[in-house]
Each structure stands twice: as structure tokens, then as C-alpha cells.
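# Fold the following.
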Amino acid sequence: MGREGRIFNFPKSFAPFAQHRVWRVRSSLAAVVDFEKAHPPAGSNCLCGGGVLGGPNVPANESLLFTLPPIRGRVESRELRMTILALPGGWTAIRVDAVNRPGTPSA
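Numbers count the residues shown, from 1 in each chain. Sure, this is the predicted structure:
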């Protein structure tokens, strides 16, 4: 597993309710983070944090969490998690995980 795979691992407990995609763009980490913060999903709130991991041999990275309102009787909570990772040669990787946690059906 490469560096991207180690950083982009996703907790198994969310697996049944999550979908993810990964993109590579030729842009700096800062530019990608600024773009994503300026273009949040409609109706979302950004819980914007700092780096995901730090230390030797860990590239610059940042995480963003966008929460969305629940869907009554169907989805208890919804969120988009972004992990953004600086790659060599002016590239940046972006992983987006969409996580929906089912709600309790209303009677």
C-alpha cells in the first residue's frame, strides 16, 4: 500500500454506509483547500480542521468535514469527509467520502 493508501484509509465501521472517490489535480494543497472551502455543498456546514497526520515521511495534508441536514425518517446524519494530500511534482490528491447513517423509520 502506497503513502496515499495509508493516509486515505477509512474506518471499517462506516463501510456499509459510505461511498468514496479519489481525484488527482495539478494544483497546490493550499489552492485545493481554499477552493473546497469556497465551494461547500449546498446546505452544508464546514467543520474545517487542520492536518490529518503529521511526522516524518508524511506529506502536507488537510481534512475538511461538511455536515448536511438529516432526512427525516430515512437518514439520521449525512456528511462529506475530504482528505487532501500534497503529492510530488505539483499534484494534490483529494479523497471524498460520503457517509450516510440510516435513521429509524417513523411510524
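# tell me the pLDDT at G5?
The score at G5 is 47. That number is its pLDDT.
# Strands of the protein, residue ranges please.
Here the chain has its strands, by DSSP state E, at 18-26, 45-48, 61-68, 75-86, 91-102.
# List the contacts of the closest residue to F35 other than its chain neighbours.
Nearest non-adjacent residue to F35, counting by Cβ to Cβ, 6 or more residues apart in numbering: S27, 8.0 Å away. C-beta: built from backbone N, CA, C; applies to glycine. Residues in contact with S27 (Cβ atoms under 8 Å, 6 or more residues apart in numbering) are F35, G90, W91, T92.
# Is it correct that the second one is in contact with V25?
No: between G90 and V25 there is no contact, the gap being 9.7 Å when judged by Cβ atoms under 8 Å.
# circling back: emit the PyMOL select command for whichever of the contacts of S27 are buried.
One line in PyMOL is enough to select the buried members of those, burial here meaning 16 or more other Cβ atoms under 10 Å:
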select buried, resi 92
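# hmm, back to that, can I get the strands of the chain in TSV including distance to G55?
Below are the strands of the chain laid out as TSV (distance: least, Cβ to Cβ, whole Å):
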stretch	distance to G55
strand 18-26	22
strand 45-48	22
strand 61-68	11
strand 75-86	14
strand 91-102	18
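# No more questions from me, cheers.
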